[in-house]
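sharing a model prediction with you, sequence too.
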Amino acid sequence: MRDFVVPSLRRPIGALAVAAAVVFGMPSASASALAPGQPAAEAPASATAAASSAAASSSAAAASGAASAAATHTASAAPASAASAAAPASGASAASSAEAPEVPAELPPPVFHAPPADADQAAIITRRALAMRDAYAREVTRRLAVPEAAQHEYAERLQQALAAKGRGDLAGEYVVLVDRAPNVQALFVYFRTTAHNAWQWIGASPVSTGWPGRYDHFLTPTGVFEHSPVNMDFRAEGTENDNRIRGYGARGRRIFDFGWVDGQRGWGKGGTSPMRFQMHSTDPDKLEPLLGIRHSKGCVRIPGSLNAFLDHRGILDADYETRAAQGELPRILRDAPREPTPDAGRYLVVIDTATAKRPAWSPLPGHAAWSKVPKGGDTAD
């Protein structure tokens, strides 16, 4: 198919133009930056401890595979210590280390979006991306004001990570990028219309990733992770665990499950073990204010409003929508109101920039945030 140029899209002068300028971080509401030709630039980790928080915070009605994921949220497949193995299960059966497979579940080949047929269709897709930027700014309450230079830098890093995974030509769908660097702890949503475009920033929010140096805490793994119904998502029940923490967040929040991956243990002598990798909300009152620092047991904690945005808009639901189109509607798509984008993606990309100095656009949580953490709150996701 021949190449074509996506036209520069400008909104009418007035309130819409001002709104677009705000979300784009540019003086005009032009979408020409999306045009071709530009350079592309948690819960307990031990199986026994996992059972306690799973009983409190995972959904008992989850689909096949979800119950196991809840019970072994970020769970190590290797016994951590004799003490933890002998600990009581606090009212729930302990998750067996045998639940961690020797190899991750095999995912079906992804069904990618067809490239736009012509410039008119590309313009329509680009306008949807503009609208999604507006929606992010409107619906996500915890946001980071990332400077344009940093937006471009992360776009280039995203492209490098995708290319290393053999997905360098990915386009037409949203991608979620996380920087696990201790001095950053941020999530970004990106989109580009065609493979000739540079990745464009949609929005950013603070997160918390794995906090090493503590028992049962993994480093959040880096790489490109596919969100697939093979590892079915489920929803939080919103109940408190033994530490009075709603580990998965408010009732109904979605747990985005990426299956079993090899994680680097952050305690003892280190090494790697299979861990259940998820992205999810956290306690909205006690732990969400701490987003922006490493504080999880290996998963990616996100703001509740961002969780709702990703869920409602179907940002990472491409493979779920494919299954629905084949006549098998996943329950997770039925149990909450949705307004899914036709440009849904599937990839969570985690990188570590090892940034030496915390950027001004990613501030640390204040003293007031720490005052809300109950005793034991630091040891529970």
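Nice, thanks for sending it over.

Arg301 versus the residue nearest to the spatial centre of the chain, what's the distance?
In the chain, the C-alpha nearest the mean C-alpha coordinate belongs to Met279, at 4.9 Å (Cα atoms, centre = their mean). Distance, Met279 to Arg301, by Cβ to Cβ, to the nearest Å: 8 Å. To be clear about C-beta, it is placed using only N, CA and C from the backbone, and glycine gets the same treatment.

next one: stretch 254-273 to chain centre, how far?
Computed by Cα atoms, centre = their mean, to the nearest Å, the separation of stretch 254-273 from the middle of its chain amounts to 15 Å.

distance across that stretch, terminal residue to terminal residue?
25 Å (Cα to Cα, to the nearest Å).

assign Arg133 to helix, strand or coil.
Under the three-state scheme (DSSP: H, G, I helix; E, B strand; the rest coil), Arg133 adopts helix.

same check on Ala308?
helix.

these two touch, right, it and Thr141?
No. With contacts counted by Cβ atoms under 8 Å, Ala308 stays clear of Thr141, the gap being 9.8 Å.

what about these two, which has more around it?
For Ala308 versus Thr141, neighbours defined as other Cβ atoms under 10 Å are more numerous around Ala308 (20 against 12).

let me see the contact set for the more buried one.
The contact partners of Ala308, taken as Cβ atoms under 8 Å, 6 or more residues apart in numbering, are 139, 253.

I'd like to know how far it sits from Ala135.
Distance from Ala308 to Ala135, counting by Cβ to Cβ: 11 Å.

what's the answer for Val176, then?
Remark: distance between Val176 and Ala135 (Cβ to Cβ) = 15 Å.

the host helix or strand of the residue nearest to the centre of the chain: how far from the chain's middle?
Assigned by DSSP states H and E, Met279 belongs to strand 272-280. Distance of strand 272-280 from the chain centroid (Cα atoms, centre = their mean) equals 13 Å.

and stretch 284-302, by the same measure?
Relative to its chain's centre, stretch 284-302 lies at 13 Å (Cα atoms, centre = their mean).

got it, and stretch 192-209?
Stretch 192-209 sits 12 Å away from the centroid of its parent chain (Cα atoms, centre = their mean).

can you give me the buried ones in it?
For stretch 192-209, the neighbour count (16 or more other Cβ atoms under 10 Å) marks 192-194, 196-209 as buried.

tell me which of those fall in strands.
Among these, the ones falling in strands (DSSP state E) are 200-206.

got the angle for the helix or strand that contains Leu177 vs strand 200-206?
Assessed by DSSP H and E, Leu177 sits inside strand 175-179. Angle of strand 175-179 versus strand 200-206, following axes from the mean of the first three to the mean of the last three Cα atoms, to 10 degrees, is 50 degrees.

same for strand 175-179, what does it pack against?
helix 148-164, strand 186-191, strand 347-351 (3 or more Cβ pairs under 8 Å, 6 or more residues apart in numbering; DSSP states H and E).

try it again with 6 Å
Here strand 175-179 touches strand 186-191, strand 347-351, going by 3 or more Cβ pairs under 6 Å, 6 or more residues apart in numbering; DSSP states H and E.

which stretches of this structure have low pLDDT?
1-104, 376-381 (pLDDT under 70).

break down it into its helices, ranges please.
With DSSP state H, the ranges of helices along the chain come out as 15-24, 47-57, 66-71, 82-86, 119-139, 148-164, 304-313, 318-325, 367-370.

mind listing what's buried in the longest one?
If you call a residue buried by 16+ other Cβ under 10 Å, then helix 119-139 has these buried ones: 122-123, 125-126, 129-130, 132-136.

could these go into JSON lines alongside distance to Ala250?
Shown next, in JSON lines, are those (distance: Cβ to Cβ, whole Å):
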{"residue": "Ala122", "distance to Ala250": "39"}
{"residue": "Ala123", "distance to Ala250": "38"}
{"residue": "Ile125", "distance to Ala250": "33"}
{"residue": "Thr126", "distance to Ala250": "34"}
{"residue": "Ala129", "distance to Ala250": "29"}
{"residue": "Leu130", "distance to Ala250": "30"}
{"residue": "Met132", "distance to Ala250": "24"}
{"residue": "Arg133", "distance to Ala250": "26"}
{"residue": "Asp134", "distance to Ala250": "25"}
{"residue": "Ala135", "distance to Ala250": "20"}
{"residue": "Tyr136", "distance to Ala250": "20"}
